[in-house]
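In: Sharing a model that was predicted from the sequence below.
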Amino acid sequence: MTRAIIAPRLFDGDRFHRDAAVVIDGGQVVAVQPLAELPQGVAVERVAGLLVPGFVDAQVNGGGGVLLNDAPTPEAMRAIAAAHARFGTTSLLPTLISDTPQIVTAAIGAAIAATRCPGPIAGLHLEGPHLAPARKGTHLASLMRPMTEADVAELSAAAQALPALLLTVAAEQVTPAQVRALVAAGATVSLGHSDCTAEQAGELFAAGATGTTHLFNAMSGLSHRAPGLVGATLEAPHVWAGIIADGAHADPAALRIALRAKRGPGRLFLVTDAMSLVGSDAETLTLNGRSIRRHARPGAVSRLTLEDGTLAGSDLDMATALRFAARHLDLPLDEALRMATRHPASFLRLPDRGRIAPGCRADLVLLDDALRVCRCWSGGVPVDAAPQLPPPA
């Protein structure tokens, strides 16, 4: 049935509209048009607030008490997606942290099954195990290893079967030929957890890698004689990069500098790197046999750490990341919104997500003046929103 949602303000991924109608049919957007052009007889729903595209998150380890590494199944992926939908995320990549070959294979199979029907699960992100022990972060070094030709074959087959397959790899563990083969198969290759030089990163960017995972974290930094992976990312025009905008993973000043320095058309975009505690009342979780604990920070997003203090993913949702970007990163609202919607969709090559435009999924989020989620629609279907209190400015 054709229907329309009318909002006083609407951001379609490109620009703002006043008093616009989103016409929806069969879970897709049919048109965005002024009220005067709305066909007669269309069922109308009026909402108050700012209507924006559903958020797109390329890095979600867990949510709602579920961690993908513990349960690499379609059911677990759906539970994670449901937990994040309450915070406005309507498309995500369930993310597997470095694990055994058996768990990797299970996660690939689960993602293929979960994406057979269109929905919030847009593919799979494999963050490892082809990472560098020197920059392991919360990953287990014992699970890290060089990529083999058998890995390339398995991952290439997965890329052909999934709408989106994102692979985070370290330059130390892959070759340019392997990257070229994976990209040719349809995978999106991102560099991360790497101590590489800018020159090593440049070789893989030239081979087809188009991303960097959680910029600044677990990678060689930028210095005046050794630009590292950070410098190579900011310099390479076609390379995109996710950032964890929670005030804990990177100082806001560093993120503001990176935003000003990044050469386009590749852009920075928001990711959560969320662990299972998001949307859950639990205070701890276990990853690869190690305990991760939540540490409250008054007026800010909690930190998650291993017992030795190492940051271990985040307690962040996309709505909170959007508020942080809009308040602390010197961004106009339209660009902050793009970083949560259109930019990650463009990076992942998901043309039907991250925008409100004809042919796109009817994934919509209604925000109030404080950028809190009031309502959410996934494929045109309403999703319950979680109560959200923004941190102080």
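Out: Received it, and whenever you're ready, just let me know what you need.

In: So what's the gap between the helix or strand containing L126 and the chain middle?
Out: In the assignment (DSSP states H and E), L126 maps to strand 124-127. Strand 124-127 has its C-alpha centroid displaced from the chain centroid by 11 Å (C-alpha atoms, centre = their mean, to the nearest Å).

In: strands paired with that strand, and their directions?
Out: Applying DSSP bridges to the sheet, strand 124-127 is found paired with strand 89-97 (parallel), strand 165-169 (parallel).

In: so how far is A79 from the nearest residue to D99 once chain neighbours are set aside?
Out: Distances taken as C-beta to C-beta, 6 or more residues apart in numbering put N69 closest to D99, at 5.5 Å, once the chain neighbours are dropped. (C-beta placed from N, C-alpha, C; glycine too.) Between N69 and A79 the distance is 14 Å, computed by C-beta to C-beta, to the nearest Å.

In: Need the overlap of contacts for the two.
Out: Shared contacts of N69 and A79 (C-beta atoms under 8 Å, 6 or more residues apart in numbering): none.

In: quick one, phi psi at L371?
Out: When read as degrees, to the nearest 10, the backbone of L371 gives phi 60, psi 30.

In: residues in contact with it?
Out: For L371, counting by C-beta under 8 Å, 6+ apart, the contacting residues are A319, L322, R323, A326, P390.

In: Of the residues you listed, which one scores lowest on pLDDT?
Out: Least confident entry in those, by pLDDT: P390, with 50.

In: any chance of the strands paired with strand 124-127 in a markdown table, plus mean pLDDT and distance to L215?
Out: Formatted as a markdown table, these follow (pLDDT from 0 to 100; distance: least, C-beta to C-beta, whole Å):
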| stretch | mean pLDDT | distance to L215 |
| --- | --- | --- |
| strand 89-97 | 98 | 16 |
| strand 165-169 | 98 | 12 |
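
In: correct me, but G62 touches M275?
Out: Yes. At 5.2 Å, G62 and M275 qualify as touching, with contact defined as C-beta atoms under 8 Å.

In: what about the two, which has more around it?
Out: Looking at G62 and M275 with other C-beta atoms under 10 Å, you find the greater number of neighbours at G62, namely 29 against 25.

In: ok, the spatially closest residue to the more buried one that is not a sequence neighbour - contacts?
Out: Among residues not flanking G62 along the chain, S276 sits closest, at 3.4 Å (C-beta to C-beta, 6+ apart). Taking C-beta under 8 Å, 6+ apart as the definition of contact, the neighbours of S276 are N61, G62, G63, G64, G65, V66, L67, D70, A282, L285.

In: Show me the strands in the stretch 201-350 of the chain, by range?
Out: Counting by DSSP state E, counting those that start in this stretch, the segments of the stretch 201-350 of the chain that form strands are 211-212, 240-243, 268-270, 284-287, 290-297, 300-306.

In: Okay, the residue lying closest to T188 once chain neighbours are set aside and A159: tell me how far apart.
Out: Spatially, and ignoring its direct neighbours in sequence, T188 is nearest to L166 (4.9 Å; C-beta to C-beta, 6+ apart). As judged by C-beta to C-beta, L166 and A159 stand 10 Å apart.

In: try A71
Out: If you measure A71 against A159 using C-beta to C-beta, the figure is 23 Å.

In: Looking at these two, which one has more neighbours?
Out: Counted by other C-beta under 10 Å, A71 and A159 do not tie: A159 has more neighbours, with 24 against 18.

In: Fine, thanks again, bye for now.
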